[in-house]
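Undergrad: The sequence and its predicted three-dimensional model are supplied below.
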Number of protein chains: 4
Amino acid sequence: MTTASAAPPPTRQRLLDAALELFADRGFADTTVGDLEAEAGLSPRAGGLYKHFASKEAVLREALERFVSGAERVTGTAFELMPLGDIRAELTLIARAGVAYFSANGKFIRIMQQERARFPDLVKEMYERAVAPAYALGAAWLQRQMESGFFPRADAQALAIVVMSPFVTYQIDQETFGRPTADVGPERFIAAWVDAMVACARGAVQGDS
Amino acid sequence: MTTASAAPPPTRQRLLDAALELFADRGFADTTVGDLEAEAGLSPRAGGLYKHFASKEAVLREALERFVSGAERVTGTAFELMPLGDIRAELTLIARAGVAYFSANGKFIRIMQQERARFPDLVKEMYERAVAPAYALGAAWLQRQMESGFFPRADAQALAIVVMSPFVTYQIDQETFGRPTADVGPERFIAAWVDAMVACARGAVQGDS
Amino acid sequence: MTTASAAPPPTRQRLLDAALELFADRGFADTTVGDLEAEAGLSPRAGGLYKHFASKEAVLREALERFVSGAERVTGTAFELMPLGDIRAELTLIARAGVAYFSANGKFIRIMQQERARFPDLVKEMYERAVAPAYALGAAWLQRQMESGFFPRADAQALAIVVMSPFVTYQIDQETFGRPTADVGPERFIAAWVDAMVACARGAVQGDS
Amino acid sequence: MTTASAAPPPTRQRLLDAALELFADRGFADTTVGDLEAEAGLSPRAGGLYKHFASKEAVLREALERFVSGAERVTGTAFELMPLGDIRAELTLIARAGVAYFSANGKFIRIMQQERARFPDLVKEMYERAVAPAYALGAAWLQRQMESGFFPRADAQALAIVVMSPFVTYQIDQETFGRPTADVGPERFIAAWVDAMVACARGAVQGDS
DNA sequence: AATGAATGAGCTTTCATTCAT
DNA sequence: GATGAATGAAAGCTCATTCAT
């Protein structure tokens, strides 16, 4: 067991963290290499970043790459705890996981949305490796519910979008405007989503009869 | 002597249009004054923009101001056509209006999301004059439905977020990734949203009994 | 008669002149864009050069291009005044022309010698369009002399190098060391070259007999 | 206990060799310390050079110093083998020595020519210790030939320039353009030079009569 | 002796903005 | 009103050099 297991030099990691933070906050163009260096504890505008990365762009690419790698592993966790037997309990668990997930990964979503024009290839890759799989996961879960009779048999993919979107918007709006949308805190948001889902499921069952 | 309401010189308007287009597409920092001039048919990098606006920032501010002024007038249109008597018809109408609304105004949303750090005051103003009122309108409509017994009596404001979010995410995702989310076209999306709302309403009625 | 015959904007020309001067003196790498701007009367380090040229390299390329275009036209002038009937008079004329030619174009030779590694394509082009033709011209003149019996019949091309080289070295050495080589002024140099050529010619005539 | 004259650490020598090679090829400004380290087998951009030299400039100075020291010893070798009795044999020997000498030392000449503006003191020193003595040596040899009646009594110093220049230009041109000038190989060049010298000498003898 | 990391200085280039025409 | 030129202020990146290991 040699250097292989040694912690990566903290500077490199600090630069990646700074990049994620600042690129999401101000955008790629508005974040200078000096900003990144300063945020990572290096002397600003001295070019120290270039000991660790080939360019400013390379920092972005590696930061996003790390996210996607992580995302591929983590995405499904919440769904794997199912079923719990009680639909309301399940939905609450899912909602909590959804809020937590986007709260943790809002930065990546912002970056994608902001840098789409400059790095189309990156955004495309993120879509294929992170966004599409997430919606597919949600659609699969809905499909199962439909087959169990909890939800109306319908277009599971389209419904996944309808049902999952609020988590995205809720997080992004909060970051954009600096406060919960319409000042509705997370608990109220989660409760409303769960209520709606439960009503939807119940209506489906009734409607089928 | 011409009238005060004479059409503004087309160049000015073309610059505003260009600004909206390019700021939304590439962001404020990545759009140069030369880009704006070229897009507006002026000679690029010649400074012609400064005959019409004091600065690049002034163009952004005026473009957004025009949007908000317009938004204040238009927002409620769809809701004012209600009620139609048939809930499914009403919801379809609302969904169509929602898709059209965000399709038309996605640029403004993008700009707000992207320039929040640079122009916090602008974003705050947009929130108060355009975003909050839109959610309030939705909440008010839901409140009325609840009072009519079509929906479960619940937190109308929180539900408004849950119910309106999909339109935002659907549009932004489409712009970000260059195609409809999960390749679900607008008709499928609208149908799914309406179905969910109907099931939700039906479930509410049943659940109340 | 419109703008076509208008003098080219002086700034552009002044930048080209500055480039030739400074690139020859300090080399391309050691000459900053700010140096060029300052030498051309622009505000240094303000980027004014970029209104006229795409890059520092483009300035070099255009400056050399202008030289070669000019060289192609001028090279042969002195030889075209021949014959004068008197070999010593002819040789003196040629020597004077040679000294003047390299004195005027030493800068280009220096630049080629110095930037060969960085701009191999440029140097190659200069060789083909300016250097090779110059030697060919000398060789042709020698060939004619040989055919007239003034010089020994021999390898005219190789002899051209032997005979023309001194002008190059004399000029370059002077620029390099800041004074005439071995403190031999141009008149002594020219006289020595003519004497040697005359002796050579005479020896040839005798030798042939 | 090792002797004072122990071989210097090879790294130091390798750095000096690399410096000569790269400075001559790309120039001082275009050669980075990292290039030197890499060429000398050190880890590039790690600053290893500074264990052996105080600065990049110090490497240049020492490399040139070594050359001049060597030159002072070697310059005269060929001339010391004279006389051989046969003028053509002598001249051929001299020409061969000349070609070999400049072929070996072209790098130093290039460096002087290129770095004259940046290191005027260095160039001045080289001139005094290497260039002027070389021309003086040639002039002295010519003087002796004149006194022996082989050459016309004339300005030996000026003639030395005329007669020695071709070796310089031939070598430098070859390095600059990557091939023998006018594609005249060394044998043809040497033969032409010897022929010209012989004709010159013969013409002188005849002319004197 | 050698190396990885860090830093101050400087370079090429871009850009928002101004001004004379 | 529009344009070409000019300029101050960065910004990305390179590099000579230093330092701790």
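TA: Structure received.
Undergrad: For the nearest residue in space to A:Met164 that is not next to it in sequence, which residues are in contact?
TA: Take A:Met164 and drop its neighbours on the chain: the residue closest to it by CB to CB, 6 or more residues apart in numbering or on different chains is A:Gly138, 4.9 Å away. Yep, even glycine has a C-beta here, placed from its N, CA and C like the rest. Contact analysis of A:Gly138 by CB atoms under 8 Å, 6 or more residues apart in numbering or on different chains lists A:Ala160, A:Val163, A:Met164.
Undergrad: same check, this time on A:Ile161
TA: By CB under 8 Å, 6+ apart, the contact list for A:Ile161 reads A:Tyr135, B:Pro166, B:Thr169, B:Tyr170, B:Thr181, B:Ala182, B:Val184, B:Phe189, B:Ala192.
Undergrad: again, but for A:Ala29
TA: Contact analysis of A:Ala29 by CB under 8 Å, 6+ apart lists A:Arg118, B:Gly27, B:Ala29, B:Asp30.
Undergrad: A:Ala63 now?
TA: So A:Ala63 contacts A:Leu16, A:Ala19, A:Leu20, A:Phe23 (CB under 8 Å, 6+ apart).
Undergrad: Now it: which helix or strand?
TA: Assigned by DSSP states H and E, A:Ala63 belongs to helix A:56-74.
Undergrad: Could you give the separation of that helix from the chain centroid?
TA: 12 Å (CA atoms, centre = their mean, to the nearest Å).
Undergrad: Could you export it as CSV, CA atoms only?
TA: The C-alpha coordinates for helix A:56-74 follow below in CSV (Å, rounded to 0.1, in the frame of the first residue of the first chain):
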residue,chain,number,x,y,z
LYS,A,56,-9.8,27.2,-16.7
GLU,A,57,-12.0,25.0,-18.9
ALA,A,58,-10.2,21.9,-17.8
VAL,A,59,-11.2,22.7,-14.2
LEU,A,60,-14.9,22.9,-15.2
ARG,A,61,-14.7,19.7,-17.1
GLU,A,62,-13.2,17.8,-14.3
ALA,A,63,-15.5,19.2,-11.7
LEU,A,64,-18.5,18.2,-13.8
GLU,A,65,-17.0,14.8,-14.6
ARG,A,66,-16.7,14.1,-10.9
PHE,A,67,-20.2,15.1,-10.3
VAL,A,68,-21.6,12.8,-13.1
SER,A,69,-19.5,9.9,-11.9
GLY,A,70,-20.9,10.4,-8.4
ALA,A,71,-24.4,10.9,-9.8
GLU,A,72,-24.4,7.6,-11.7
ARG,A,73,-23.7,5.8,-8.5
VAL,A,74,-26.1,7.7,-6.2
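Undergrad: coming back round to it: using CSV, lay out the contacts of A:Ala63 together with distance to chain C, secondary structure and neighbour count.
TA: As requested, these are exported to CSV (distance: CB to the nearest CB, whole Å; DSSP: H, G, I helix; E, B strand; the rest coil; neighbours: other CB atoms under 10 Å in any protein chain shown):
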residue, distance to chain C, secondary structure, neighbour count
A:Leu16, 33, helix, 23
A:Ala19, 29, helix, 28
A:Leu20, 33, helix, 20
A:Phe23, 27, helix, 26
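Undergrad: now, among those, which is nearest to A:Phe151?
TA: Nearest to A:Phe151 among the contacts of A:Ala63, counting by CB to CB, is A:Leu20 at 36.5 Å.
Undergrad: quick one: that closest one and A:Lys107 touch, right?
TA: Yes - contact criterion CB atoms under 8 Å: A:Leu20 and A:Lys107 qualify, at 5.3 Å.
Undergrad: okay, and the common contacts of these two?
TA: Common neighbours of A:Leu20 and A:Lys107, counting by CB under 8 Å, 6+ apart, are absent.
Undergrad: Stretch A:91-107 vs chain B: in contact?
TA: No - judged by CB under 8 Å from any CB of the partner chain, stretch A:91-107 stays clear of chain B, getting no closer than 10.1 Å.
Undergrad: Ignoring the adjacent residues along the chain, who's closest to A:Trp180?
TA: To be clear, residue A:180 is Pro; Trp isn't right here. A:Pro180 sits nearest to A:Gln174 (CB to CB, 6+ apart), 5.5 Å away.
Undergrad: Would you quantify the distance from the one you found to chain D?
TA: Computed as CB to the nearest CB, to the nearest Å, the A:Gln174 to chain D distance reads 45 Å.
Undergrad: Give the ChimeraX command for selecting the buried subset of the contacts of A:Ile161.
TA: To isolate the buried ones among the contacts of A:Ile161 in ChimeraX, judged by 16 or more other CB atoms under 10 Å in any protein chain shown, type:
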select /A:135 /B:166,169,170,181,182,184,189,192
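Undergrad: Among the contacts of A:Ile161, pick out the one closest to B:Lys124, please.
TA: B:Thr169 (22.4 Å).
Undergrad: before we move on, the earlier item: state the helix or strand in which the residue nearest to A:Met164 lies.
TA: Using DSSP H and E, A:Gly138 maps to helix A:132-148.
Undergrad: same deal with A:Phe102?
TA: When elements are assigned from DSSP H and E, A:Phe102 belongs to helix A:87-115.
Undergrad: I'd like the mean pLDDT over whatever helix or strand comes next after that helix, please.
TA: As assigned by DSSP H and E, the chain's next helix or strand after helix A:87-115 is helix A:120-126. Averaging pLDDT along helix A:120-126 yields 95.
Undergrad: could you list every residue that touches A:Ile109?
TA: A:Phe102, A:Val168, A:Gln171, A:Ile172.
Undergrad: Let's see if you can find the most crowded of the contacts of A:Gly138.
TA: In terms of neighbours by other CB atoms under 10 Å in any protein chain shown, these top out with A:Val163 at 27 neighbours.
Undergrad: ok, now which ones touch it?
TA: For A:Val163, the contacting residues are A:Gly138, A:Leu142, A:Met197, B:Ala196, by CB under 8 Å, 6+ apart.
Undergrad: thinking again about what came up before, farthest pair within the contacts of A:Ala63?
TA: Within these, two members stand farthest from each other by CB to CB: A:Leu16 and A:Phe23, at 10.5 Å.
Undergrad: sorry, back to before: in TSV: the contacts of A:Ile161, plus secondary structure, pLDDT and distance to B:Phe151.
TA: Formatted as TSV, the contacts of A:Ile161 follow (DSSP: H, G, I helix; E, B strand; the rest coil; pLDDT from 0 to 100; distance: CB to CB, whole Å):
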residue	secondary structure	pLDDT	distance to B:Phe151
A:Tyr135	helix	94	27
B:Pro166	helix	98	17
B:Thr169	helix	97	22
B:Tyr170	helix	97	22
B:Thr181	helix	94	26
B:Ala182	helix	94	27
B:Val184	coil	97	25
B:Phe189	helix	98	21
B:Ala192	helix	97	18
